[in-house]
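Peer 1: Fold the stuff below for me.
(one chain, ligands or ions: 1)
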Amino acid sequence: MSLIEGEKEHILACVKEVLGENTKTRENLIPLLQQVQHKLGYLPSLAMEKIAEGVNVPTVDIYGLATFYNQFRMNPPGKHQVKVCLGTACYMVGGDITLESFERRMEIKEGETSPDRLFSLERVACVGCCTLAPVVVVDDKVEGKVTPTRVDGIMLALNEENGKAAAEQKPDQSEGDDNGHS
Ligand code: FES
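Peer 2: Below you'll find the model as predicted:
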């Protein structure tokens, strides 16, 4: 995934800080990766390359470690994070169909982030609300009985929210038109 403006500098500063505060040994690689991920929200390739340089190990070893442990994520978290439960209870009532519905609507696969970084999609194990199966967690809010139709409704609400946020970021061109109103 390509980096956004200013992200390269942020990654380099973060890795430098973590390497500066920790023992730079092969044995300490997991804590180093954990700390960088904690700061950045994910492990970009650039960070892994810089950690490899700092610890003096081949970059391929860092990739190997990061991909072996599922605590590490290679893609940035989206503005909206959707987690589809595929625990047994949810799977039995169509959790996989719910996941496919999100994949189609977001045009990404599970584990990925949309290129505009608005959405990321993950599968998770039981989130403890089995009576509501199939369950989806949208930005920390639990949604129950999520059928494909409900997926449409969730995506509509998220897109509306994104549209509003984008509109609020634009300069107000109607300024001065509402004189007399406070
Ligand atoms: S299996 Fe999905 S909430 Fe328990």
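Peer 1: part of a strand, is residue 120?
Peer 2: Yes: under DSSP: H, G, I helix; E, B strand; the rest coil, residue 120 falls within a strand.
Peer 1: quick one: contacts for the nearest residue to it once chain neighbours are set aside?
Peer 2: Excluding the flanking residues, the one nearest residue 120 by Cβ to Cβ, 6 or more residues apart in numbering is residue 78, at 3.4 Å. The C-beta positions use only the backbone N, C-alpha and C, and glycine is treated the same way. The neighbours of residue 78, taking Cβ atoms under 8 Å, 6 or more residues apart in numbering as the test, are 113-114, 117-121.
Peer 1: Pull the residues that contact stretch 131-148.
Peer 2: Under Cβ under 8 Å, 6+ apart, the answer for stretch 131-148 is 80-85, 89-95, 97-98, 101-102, 124, 127, 129, 150-151, 154, 158.
Peer 1: Now do the same contact list for the residue positioned nearest the centre of the chain.
Peer 2: Geometric centre of the chain, nearest residue: residue 77, 1.8 Å, by Cα atoms, centre = their mean. Shown in contact with residue 77 (Cβ under 8 Å, 6+ apart): 41-42, 113, 120.
Peer 1: Next, give phi and psi for it.
Peer 2: In terms of degrees, to the nearest 10, the main-chain angles of residue 77 are phi -70, psi 140.
Peer 1: Just give the number of residues close to residue 16.
Peer 2: When neighbours are counted by other Cβ atoms under 10 Å, residue 16 registers 12.
Peer 1: for it, helix, strand, or coil?
Peer 2: Assignment for residue 16 (three-state DSSP): helix.
Peer 1: Just give the closest residue to the residue of the chain found nearest the ligand, not the sequence neighbours.
Peer 2: Residue nearest to the ligand within the chain: residue 87 (2.5 Å; Cβ to the nearest ligand atom). With Cβ to Cβ, 6+ apart as the criterion, residue 87 has its nearest non-adjacent residue at 3.2 Å, and that residue is residue 126.
Peer 1: Residue 50 now?
Peer 2: Sequence neighbours aside, residue 15 is the residue nearest to residue 50 in space, at 4.3 Å (criterion: Cβ to Cβ, 6+ apart).
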